[in-house]
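J.: Just the structure for this:
(3 chains)
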Amino acid sequence: MVEFETSAQSNPSGLVSQGGLDPARLLPADPAVRAVAQSLVDAVAELPIISPHGHVPATMLAEDIPFDNPTELFITQDHYLTRLLHADGVDLGDLGVGGAEVDPREAWQLVASRWHLFAGTATGHWMREALSGVFGITDALAPESADSIYDRIDAALTTAEFRPRALFRRFGMDVLATTDDPLDDLAAHRRLQRDGYRVVPTFRPDRFLDPDHPEFTGAVAGLTSSTPATFTGYLAALAQRRQHFIASGAVSTDHGVREPFTCNLSDGEAETLFQRALRGAADAADAHLFRGHMLLQMARMSVEDGLVMTLHPGVHRNHSPATLHRHGPDTGHDIPIPVTFVEGLRPLLERYGLEKDFHLVLFTIDETTYSREIAPLAGFYPSVFIGSPWWFLDAPDAIARFRAAVTETAGFYRGSGFVDDTRAFLSIPARHDTARRADAGYLARLVVEGRLSETDAHTVARDLVDRIPRKAFKL
Amino acid sequence: MVEFETSAQSNPSGLVSQGGLDPARLLPADPAVRAVAQSLVDAVAELPIISPHGHVPATMLAEDIPFDNPTELFITQDHYLTRLLHADGVDLGDLGVGGAEVDPREAWQLVASRWHLFAGTATGHWMREALSGVFGITDALAPESADSIYDRIDAALTTAEFRPRALFRRFGMDVLATTDDPLDDLAAHRRLQRDGYRVVPTFRPDRFLDPDHPEFTGAVAGLTSSTPATFTGYLAALAQRRQHFIASGAVSTDHGVREPFTCNLSDGEAETLFQRALRGAADAADAHLFRGHMLLQMARMSVEDGLVMTLHPGVHRNHSPATLHRHGPDTGHDIPIPVTFVEGLRPLLERYGLEKDFHLVLFTIDETTYSREIAPLAGFYPSVFIGSPWWFLDAPDAIARFRAAVTETAGFYRGSGFVDDTRAFLSIPARHDTARRADAGYLARLVVEGRLSETDAHTVARDLVDRIPRKAFKL
Amino acid sequence: MVEFETSAQSNPSGLVSQGGLDPARLLPADPAVRAVAQSLVDAVAELPIISPHGHVPATMLAEDIPFDNPTELFITQDHYLTRLLHADGVDLGDLGVGGAEVDPREAWQLVASRWHLFAGTATGHWMREALSGVFGITDALAPESADSIYDRIDAALTTAEFRPRALFRRFGMDVLATTDDPLDDLAAHRRLQRDGYRVVPTFRPDRFLDPDHPEFTGAVAGLTSSTPATFTGYLAALAQRRQHFIASGAVSTDHGVREPFTCNLSDGEAETLFQRALRGAADAADAHLFRGHMLLQMARMSVEDGLVMTLHPGVHRNHSPATLHRHGPDTGHDIPIPVTFVEGLRPLLERYGLEKDFHLVLFTIDETTYSREIAPLAGFYPSVFIGSPWWFLDAPDAIARFRAAVTETAGFYRGSGFVDDTRAFLSIPARHDTARRADAGYLARLVVEGRLSETDAHTVARDLVDRIPRKAFKL
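T.: Numbers count the residues shown, from 1 in each chain, chains lettered A, B, ... in the order given. Here you go, the predicted model:
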């Protein structure tokens, strides 16, 4: 176990101790429950990783680019980690965020000196798991150990076995989905597939569908060659890009929206709004309607072309304008907001909710929707699947809450399976291991409480990491 | 324990095992907590069932109609069960929903082949409990056992001891409340009472109070003989029907509303809205106000006639128009929505919240209101009682969350006692048993955590199944 | 343990048993977790109490006024207790609420006869702890023991060691913050500080900032000597009163608002709204904007003068007009409402969220905001701190939910430390003990689940009661 020394100025009382990974880590304390959970974990530990939604760059794998250094690998790109350091007063620039020049070893030391911040966090757990599981480092991260740990990682990164493709094999990855711009040529994916790596793209058209997005006009211009652009031409171009994704192995589209609002406009209304948006003349109400109409259009296209539709609503992006200005987007200040699905999705579900082979996976970071909306919707509509705990909720206790909130209504077989949703390639095994352990703990409790036989628990545990994600994502 | 074999096409990895009901089922895993919980369960296991709110048809008991067949009994009428099968791709018609003609044995086999869907669900638990507790069947439901199980149930249903009245006695039911239309003559209830069965009606006037209800105009026409109808006459007719219910043993009224909104209109405003509604000319705002005014009028009448008022808000009824059209209402697509009580009920509570002997029981399927609103309201207003977990929340883990959310603020004695709210007559013992076990688990934890003496826990456990529902429902 | 006899009319089945305080009370049941938790509790049990936010009257301590009698001490002032008795049908006047004349012994007996109401509640736990910990009384509170308990407390209260200052020392209080009106001269605080008691005031300007507050006009008139009052003069007067508080030891301001809404008006707009408000001509929208602007002004002043800003939003004050009229405010009918912070605080955080040394502590009684908003905000903004569970949520299970909801995202070091927020002086040790035990239980679970070393858990446990509140409140 990685332990922390609290930083001198803020935590002089900090102590340091040593330790390794606990084989029963994350499993419930009760001995009877833990024994069942351990047997479940052992049974699924070696099953391949299916990662149907995430943010690893395909080029990194296609070109098998060696990782730069420990800081680039573990810190700069991980906005879970940099955001909490920022909250503790660290300048994001000192961590290399947004392309800032930093001495990577100094940034690494900076993190080590504040490692107490991560006690009890999912980020701390993933880091500990990755250090141990990938690099065999079980020392406590602390100011005095930081240099040695840095050196060991750095040395490893120069070797062939720590190149991305080698790790892909070592991690036992069966399939990895990336997230991609509709205009991406997807050459990296096709190259990987030729080389025997199932790395598939995901169609993520947010900037094409939202008149309020700063890149909307440019994105649409890039999409449609015709001049002037028409709404019909725009829809056709989107459908065509989806075909290109399908041809390159894509199984799903992804939609990050503020609200899960949908509506169905007439062709004339849609055309009018579209032209207004292109002129930059759409007001807030126009943009709202246009987004709602386009989300419904995406569902329609999914019905037609079979791509699974995943929805990640409920985020206020870039909450701190000053941070956005200084360090760019995706720098830790996207903040969740309240969400409700039932009314907003009604127009979409009214049209497509009963369609054979339409799959709509609902993710949330507003836990209130688990038992109130998502499980009830997925327990009726054949098209609706329960997205696994996402973002801040992808953590052991949050996963336990999730299972308890949805299972009694919708069972296990209406879920998406685990989705790591990460750009931190090295954390992928740790994240899947965490989910498997959390699920094993939940299943084991049901067994000991006489609600599920141990045999059935084993079936469910295996299905959760294999059959269930394959069904939800049509893999 | 009933175990599942996953259906061939979707779960070829499924295993089957056998088992019986675990005597400690649903009790917490920790041995010390479990021992206390078991003693609490044992102490209340034989106490009579008080069922102050539910949907069993009184005629079935009055006429002691034999149950048709296992499918009609366990499947077709249970929209918890049919909805999850529908989500898995089963056509509701193939389960006999909405009066569709089906071969009951084929439908039974269909359910057995997908029984893995119900792993971990409340529905699965109730089915298992009913098969075992009522029919003595402990085999796993699976394709190969389905016919034999069907035959055993079917044979039992032809015998006198499986007629509704015999089961009513065998289940130890002290009182059973049904839910009834205000125009019901309640002959069935009076006949049952004459025969020594305490089966009481509940006044459910939803369609009479909501201008948006498709039957509103007809319902009002049936209620008021005077022509043209006046608001005053309408109120008087409602009050008179309530008297008819009281004379037939009713103790409560029930209100299923979308929002718990109340308001107080002047007589003139109410009359105007009423006439507009009867003409079909009420717009959304009119209907909203009228519903709010009528909910407050129902409270006023409760203050006058003593009927307990129960409120079940927060549901979007018939979310799927196509399903409504094909299979009718109550077919599994009512979906919960966010709810808040504090503002909406203020006008009602301002007038009647402190009234002696006024009882208002608040149910929710939005768990956020437990600790935020319902426990705080019931911990101040003598009239407000905390409704037990309802619908999707009537399940072991959800009950545990409920107790933890409300008790620290409002204790045990501001609750309604358990309410099964079911039309599945055979599941009633299982549901009450589940609630007793869940409450025992919670109480036992308090005991082991030194927060309640074991003696007091026994007092509370008994009061929860007897004194508390009798007080809340004036039984 | 204090046990209850259920009152004759409502709970004839009640039993009585005896008991003392369990040394492992509130700790988790699992033996392994409990052992670790016990060692953590033991390690922090003797650490001083830091109480950075509460409602104890400074005059009581300054003048060392003996407590009146057991009823005044434990019942009349405790609206947690009186509200639940009120819900059970007790007239608040019979408990002495709002200055009503009562025989204290009769009121005490009244409480004892209904003590079953408090089974499982936080209030019951605090009472039991205070009786035992402060007075050494471990008898069950019940009708037959009530007189004897009353007499023993009453006798103790006449002795020097039960005077407020003696108890302050005995409780091991390092610092106690009170809550004070901006116009308070703070003489009591200065006298206490001269005598060696660190009792510091808190600037609570609600009635000065809200045009809808019945005392707004008078409050502003008292604040500003200039005639006619100008917005600039009003701001300056507020800033000057803050300086007076700082000179008297204050470290924070406190804001009880309905919504956490902020906005930034121009000087002209603010002046216009201010004048309109003083004339009593501000409508709802005006008042809303003015409150939002003033909350942002309070943040600006905090940036300038360094006072920590604490925010307690989400309460509908005085929900029952009849009770307000008869018994006054703060009589148990303030009811929580849904809250969201992300949009409302954006204007404030946009300006001041990244300011060095600005501290904004967010409290909530809407648990949905813990994982969705507060932990994510505090995990990014250096200024935002997570307020400890407040009011109805300051209870063992609620604290456990709080820790599980925020820690995985924001760790332990973005919190405020425990805040008792109480006017019940004698309950302060019990409340801090409860929080320490609840935190120990959570930390111990992490240890046994292999998520934190026991050494680190000890560091965190100590920091939670010392370093963390000192940092958040600049003590």
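J.: thought A:Val262 was touching A:Val342?
T.: I think there's a mix-up here, since residue A:262 is Thr and not Val. No - contact criterion C-beta atoms under 8 Å: A:Thr262 and A:Val342 do not qualify, at 11.7 Å. All C-beta spots, glycine's among them, are computed from the backbone N, C-alpha and C.
J.: okay, the two: which has more neighbours?
T.: Remark: of A:Thr262 and A:Val342, A:Thr262 carries more neighbours, 26 against 21, as counted by other C-beta atoms under 10 Å in any protein chain shown.
J.: State the distance from A:Pro321 to C:Glu350.
T.: Using C-beta to C-beta, to the nearest Å, one gets 6 Å for the distance from A:Pro321 to C:Glu350.
J.: what about the closest residue to chain B within chain A, how many residues close to it?
T.: The minimum distance from chain A to chain B, using C-beta to the nearest C-beta, falls at A:Gly450 (3.1 Å). Residues lying near A:Gly450 (other C-beta under 10 Å) number 20.
J.: any idea how far B:Val447 is from it?
T.: With C-beta to C-beta as the criterion, A:Gly450 and B:Val447 are 21 Å apart.
J.: And for A:Arg414?
T.: A:Arg414 is 37 Å from B:Val447, by C-beta to C-beta.
J.: what do you get for A:Ala430?
T.: Counting by C-beta to C-beta - A:Ala430 and B:Val447 are separated by 39 Å.
J.: between these two, which one's more packed in?
T.: Per other C-beta under 10 Å, whichever of A:Ala430 and B:Val447 has more neighbours is B:Val447, with 26 against 23.
J.: Am I right that that one is in a strand?
T.: No - assessed with DSSP: H, G, I helix; E, B strand; the rest coil, B:Val447 is helix; it does not lie in a strand.
J.: my guess is A:Ala239 contacts A:Ser302, does it?
T.: No - if you go by C-beta under 8 Å, A:Ala239 and A:Ser302 don't touch, sitting 10.7 Å apart.
J.: These two - which one has more neighbours?
T.: Taking other C-beta under 10 Å, A:Ala239 and A:Ser302 do not tie; A:Ser302 has more neighbours (23 against 14).
J.: how about stretch A:59-70: buried residues?
T.: Applying a neighbour-count criterion of 16 or more other C-beta atoms under 10 Å in any protein chain shown, one finds A:59-62, A:67, A:69-70 buried in stretch A:59-70.
J.: Export the residues you listed as a markdown table, with columns for distance to chain B and pLDDT.
T.: Output for these, formatted as a markdown table (distance: C-beta to the nearest C-beta, whole Å; pLDDT from 0 to 100):
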| residue | distance to chain B | pLDDT |
| --- | --- | --- |
| A:Thr59 | 36 | 97 |
| A:Met60 | 34 | 96 |
| A:Leu61 | 30 | 98 |
| A:Ala62 | 34 | 98 |
| A:Phe67 | 37 | 93 |
| A:Asn69 | 43 | 95 |
| A:Pro70 | 40 | 96 |
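J.: which two from those end up farthest apart in space?
T.: A:Ala62 and A:Pro70 (23.2 Å; C-beta to C-beta).
J.: Could I get the pLDDT score of the residue nearest the centre of chain A?
T.: Among the residues of chain A, the one closest to the centroid is A:Asp421, at 1.5 Å (C-alpha atoms, centre = their mean). Note on A:Asp421: pLDDT of 95.
J.: Would you check that it makes contact with A:His55?
T.: Yes - A:Asp421 is within contact range of A:His55, at 6.9 Å (criterion: C-beta under 8 Å).
J.: what residue ranges in chain A score low on pLDDT?
T.: A:1-20, A:226 (pLDDT under 70).
J.: if I look at whichever residue of the stretch 51-200 of chain A sits closest to chain C, how far off is A:Phe402?
T.: In the stretch 51-200 of chain A, the residue that lies nearest chain C is A:Gly120 (4.3 Å; C-beta to the nearest C-beta). Distance of A:Gly120 to A:Phe402, computed by C-beta to C-beta: 18 Å.
J.: ok, now A:Gly415?
T.: Taking C-beta to C-beta, one finds A:Gly415 at 9 Å from A:Phe402.
J.: Same check on A:His359?
T.: Where A:Phe402 is concerned, A:His359 sits at a distance of 19 Å (C-beta to C-beta).
J.: and if you look at A:Thr232?
T.: 42 Å.
J.: Name the residue in the two with the higher neighbour count.
T.: A:Phe402 (27 against 14).
J.: Centre of the chain to the helix or strand harbouring that one, how far?
T.: Secondary structure assigned from DSSP states H and E places A:Phe402 in helix A:396-410. Put simply, helix A:396-410 sits 18 Å off its chain's centre (C-alpha atoms, centre = their mean, to the nearest Å).
J.: Please apply the same query to stretch A:268-286.
T.: The answer for stretch A:268-286 is 32 Å, by C-alpha atoms, centre = their mean.
J.: what do you get for stretch A:457-475?
T.: 18 Å.
J.: Please identify the buried residues of that stretch?
T.: A:457-473, A:475.
J.: That stretch near chain B anywhere?
T.: Yes - using C-beta under 8 Å from any C-beta of the partner chain, stretch A:457-475 comes into contact with chain B via A:458-460, A:462-463, A:467, A:471.
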